[in-house]
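Colleague: can you look at this prediction? I've put the sequence above it.
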Amino acid sequence: MQTKEITDLTFDCYGTLIDWERGIVETVIPILRNHGVEAIARDILEVYRDVEALVEMAPYSTYAEVLRRIMEEFGRHFGVPLALSEEHALIDSIGNWPPFKDTVSSLRRLHQSFRLSIVSNVDDELFARTQRCLGIEFDQIITSQQVRSYKPAHGHFEEAIRRLAVPKKSILHVAQSLYHDHVPAKEIGLRTAWIKRTSVLGRNGLAPSAEVAPDITAQSLGELTDVLMSDIFNIAARP
């Protein structure tokens, strides 16, 4: 793979560009504490991971509804009655979930040489809140609301290929989640770059376990950016 072959970078958002683990934990812990429950990050994120995967496998509902159901499950799991306003806490807070430290600077650098698109399990309006803190305007934004399905279904990637109208070899999909992103992207013939963000839950992050071989592995988006912007980019998969 050479840089000159790549014209388009597609990005997962939450977990790749946005530190959603921090955003989720910082939203949920104060609510549980107000009910007398002291929870640790791992417990919160494990509930989030399991409930999100189950709801997204069901017939389509908005991501706002997914987030509400996750909060509802937190109440059941920790044995506390949540008010309606508390059930909407993740929905209300998503625009405040922080970017990783290397996100904005990396996106600005990459946008000098590539078209950048979002391919995310989210609603249009919820992503619009996040967009404000990412520092660029994306060339395409593809959401679950638009394709009426959730990754790891193929809908996002098929729509990206249709809209970008370039050969598959010209697209590199950049993501943290092996389960949500790398498996389906590879299944339909896209090349992928794995950003190995540090996670409380280990290698798979806030996602079910999956096994797949990305084309590129980087420890951060900054590291990937350095590689893609270099004059000698010609890299095989790394462990």
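Modeller: Yes, it's here.
Colleague: distance from the chain centre to the helix or strand hosting residue 141, please.
Modeller: Residue 141 belongs to strand 140-143 when assigned by DSSP states H and E. Put simply, strand 140-143 sits 13 Å off its chain's centre (Cα atoms, centre = their mean, to the nearest Å).
Colleague: export only the CA atoms of that strand, formatted as CSV.
Modeller: Taking Å, rounded to 0.1, in the frame of the first residue of the first chain, the C-alpha atoms of strand 140-143 are listed here in CSV:
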residue,chain,number,x,y,z
GLN,A,140,-18.9,13.0,4.1
ILE,A,141,-20.8,12.0,7.3
ILE,A,142,-22.4,8.6,7.3
THR,A,143,-24.5,7.7,10.3
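Colleague: and the helix or strand that that strand is followed by, what's buried?
Modeller: Going down the chain from strand 140-143, the next helix or strand is helix 144-147, by DSSP H and E. Taking 16 or more other Cβ atoms under 10 Å as the neighbour-count basis, helix 144-147 is seen to contain the buried residues 144-145, 147. Any C-beta I mention is one placed from the backbone N, CA and C, and that applies to glycine too.
Colleague: ok so, going back, quick one: strands adjacent to the strand holding residue 141?
Modeller: Strand 140-143 has the following sheet partners, assigned by DSSP bridges: strand 115-120 (parallel).
Colleague: quick check: next helix or strand after the partner strand?
Modeller: helix 124-131.
Colleague: list the contacts of that next one.
Modeller: The contact list for helix 124-131, computed with Cβ atoms under 8 Å, 6 or more residues apart in numbering, reads 13-14, 18, 63-64, 91, 94-95, 97, 118, 120, 122, 137-138, 141, 143, 145-146.
Colleague: thanks again, I'm all set now.
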